[in-house]
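Enquirer: no sequence on this one, just coordinates:
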């Protein structure tokens, strides 16, 4: 899967801000029920709607970053919040 374009739907389990090469970056863990994917958004301190518990669809190139499956600056779609 490394280097291939992928579309993955899942729920964000955590969202943190971590510097990458002295630049801000939002890092989010996406869980799709089979495994996790680290999403890295470079140059951002926050992204409206990218919050723990939110369901999203991401589109991008899958890579391995620090030994983890990841996507850097993926396109994303926020799925509607379902009220229970």
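Expert: Structure received. This is a predicted model, so every value here is computed, not measured.
Enquirer: Centre of the chain to the strand with the most length in the chain, how far?
Expert: In the chain, with assignment by DSSP state E, the single longest strand is strand 5-17. From the chain centre to the centre of strand 5-17 is a distance of 3 Å (C-alpha atoms, centre = their mean, to the nearest Å).
Enquirer: Check which residues of that strand are buried.
Expert: 8, 10, 12, 15 (16 or more other C-beta atoms under 10 Å). (Glycine included, C-beta is placed from N, CA and C.)
Enquirer: Among these, which pair sits farthest apart?
Expert: The largest separation in the buried residues of strand 5-17, counting by C-beta to C-beta, is between 8 and 15 at 16.3 Å.
Enquirer: What pairs with the longest strand of the chain, parallel or antiparallel?
Expert: strand 25-31 (antiparallel), strand 55-61 (antiparallel) (DSSP bridges).
Enquirer: for those strands, which one ends up most surrounded?
Expert: Highest mean neighbour count of the strands paired with strand 5-17: strand 25-31, a mean of 19 (counted as mean count of other C-beta atoms under 10 Å).
Enquirer: Packing partners of the next helix or strand after it?
Expert: Where DSSP states H and E defines the elements, the next helix or strand beyond strand 25-31 is strand 36-42. Judged by 3 or more C-beta pairs under 8 Å, 6 or more residues apart in numbering; DSSP states H and E, the packing partners of strand 36-42 are strand 5-17, strand 25-31, strand 68-72.
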